[in-house]
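> Here is my input, please return the structure:
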Amino acid sequence: MRNRTMILFLLFTLFLAATVPAWASPAKAPQKSYGPLEISRKKLDIESLNLLRALTLSHTQMKELLVLLYEADLEEREVLLGYKKDGLHAWKMLEMLEGKINRGESIDVPTEEDVWFALGTLYEYEFDQYRTAQVLTRKAVGLLSENQLQIIGEYMPCVVPWSTVKSPERIGQSGSIEKLEKMLDRLRKLKKEEYAREKRMFLVELDWRMRIDRHEDDRVRQVLVREIDQKIDEICRLGEEEYQIRKTELAQGVRPPDLEILPPRVGEDLDRFVELYVLNPHNIKYLQAQLKKEGVSFPLPDDVIDQDIDKKVD
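Residues are numbered from 1 along each chain as shown. Down below sits the predicted model:
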């Protein structure tokens with residue numbers, strides 16, 4: 001009897017498990033997306049940290065920069081909140097416009113006004129952030145030294161700095177001659193087909209860097225790639241003794257274009273890098289951690305102060 005009761009209990013349990021609707025099961029946490037936008041943002045954050053470390057800010061500069069970063073962070077959050085509040089309406093207006101275009105309908109004045117009003121509301125949030133960023137950028141430039149501004153002007157954004165770069169302040173430059181020397185050493189030992197393939201891989205990377213990192217036009221890229229192609233061939237035809245004597249000089253001659261041989265950023269271009277990398281709100285945690293590690297007190301954002309006050313009142 002006892003065994004029969006146990007079997008019936010198990011069968012009943014299995015029946016319930018099979019018939020419980022899907023909505024009754026515990027909700028699974030949504031999978032976080034790691035698409036192009038998320039990866040680009042993470043790369044930007046790391047590039048910002050690399051530059052910030054290279055600036056070797058003083059304690060005073062760190063604290064003054066924190067205040068600016070709090071304001072930049074607040075503006076960024078207000079834009080996100082604005083989109084959360086009014087983004088759905090703008091989306092619906094755009095879908096309505098898209099539907100009319102797909103149906104071949106003419107766009108009347110009310111439709112035009114509805115769309116532009118919805119988008120204009122979002123533009124206002126971004127314009128406020130733009131004006132604030134201009135003010136914060138001027139303040140940030142004012143608290144940095146000439147040498148620090150020069151480092152920013154020469155910075156080539158990088159996620160993983162080359163391990164052989166000797167000077168920390170040159171962290172973002174393409175920098176390592178040693179890497180190019182090893183490449184030339186390897187090319188000189190390869191046979192015809194392997195040599196052509198390896199050389200082409202280097203030239204393709206060189207062209208890509210000029211196009212993506214430096215935004216060079218097609219004509220400039222083609223001329224420089226052709227020149228470096230010819231230099232590599234000449235280097236690989238040299239005798240071993242001459243090559244070893246001149247190796248560093250020769251590697252410098254095929255070096256990808258970087259900021260040591262290009263004019264530093266000035267004016268608006270420099271301001272853009274200060275805004276993009278120095279005033280990145282992601283830098284807040286890094287600066288706070290550095291000051292805390294060294295036992296230096298630092299200002300807190302207003303919303304954190306307000307939370308502390310509320311706790312004391314409760």
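
> Could you use CA atoms for every contact and neighbour count after this?
OK.

> Quick check: chain neighbours aside, which residue is closest to the most centrally placed residue in the chain?
Residue closest to the mean C-alpha point of the chain, counted by C-alpha atoms, centre = their mean, is L44 at 1.5 Å. In this structure, L44 finds its nearest non-sequential neighbour in Y277, 7.6 Å apart by C-alpha to C-alpha, 6 or more residues apart in numbering.

> Name the SS class of the one you found, please.
Under DSSP: H, G, I helix; E, B strand; the rest coil, the three-state class of Y277 is helix.

> Provide the count of other residues in contact range of it.
22 (other C-alpha atoms under 10 Å).

> and what of L68?
Close neighbours of L68, defined as other C-alpha under 10 Å, add up to 22.

> residue contacts, it?
136, 139-140, 279 (C-alpha atoms under 8 Å, 6 or more residues apart in numbering).

> go with 7 Å
Contacts here follow C-alpha atoms under 7 Å, 6 or more residues apart in numbering; on that basis L68 touches L136.

> give me the element it is part of.
helix 59-102 (DSSP states H and E).

> Verify the stated contact: the residue nearest to L44 with S48.
Yes - between Y277 and S48 there is a contact under C-alpha atoms under 7 Å: 4.5 Å.

> Where does the prediction get shaky in the chain?
Low-confidence segments of the chain (pLDDT under 70): 1-31, 161-178, 212-214, 256-264, 303-314.

> how does it divide into domains?
Domains of the chain are assigned by automatic domain parsing as 43-160+266-296, 176-253.

> Save these as a markdown table, and put in distance to P36 too.
Formatted as a markdown table, the domains of the chain follow (distance: least, C-alpha to C-alpha, whole Å):
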| stretch | distance to P36 |
| --- | --- |
| domain 43-160+266-296 | 10 |
| domain 176-253 | 16 |
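
> Could you look over these and pick the most buried one?
Across those, averaging neighbours per residue (mean count of other C-alpha atoms under 10 Å) puts domain 43-160+266-296 on top, at a mean of 16.

> sorry, back to before: the residue nearest to the centre of the chain and V159, how far apart?
Between L44 and V159 the computed distance is 8 Å (C-alpha to C-alpha, to the nearest Å).

> gap between L206 and I235?
Taking C-alpha to C-alpha, one finds L206 at 18 Å from I235.

> Kindly report the same for K189.
Noted for K189: a distance of 12 Å to I235, by C-alpha to C-alpha.
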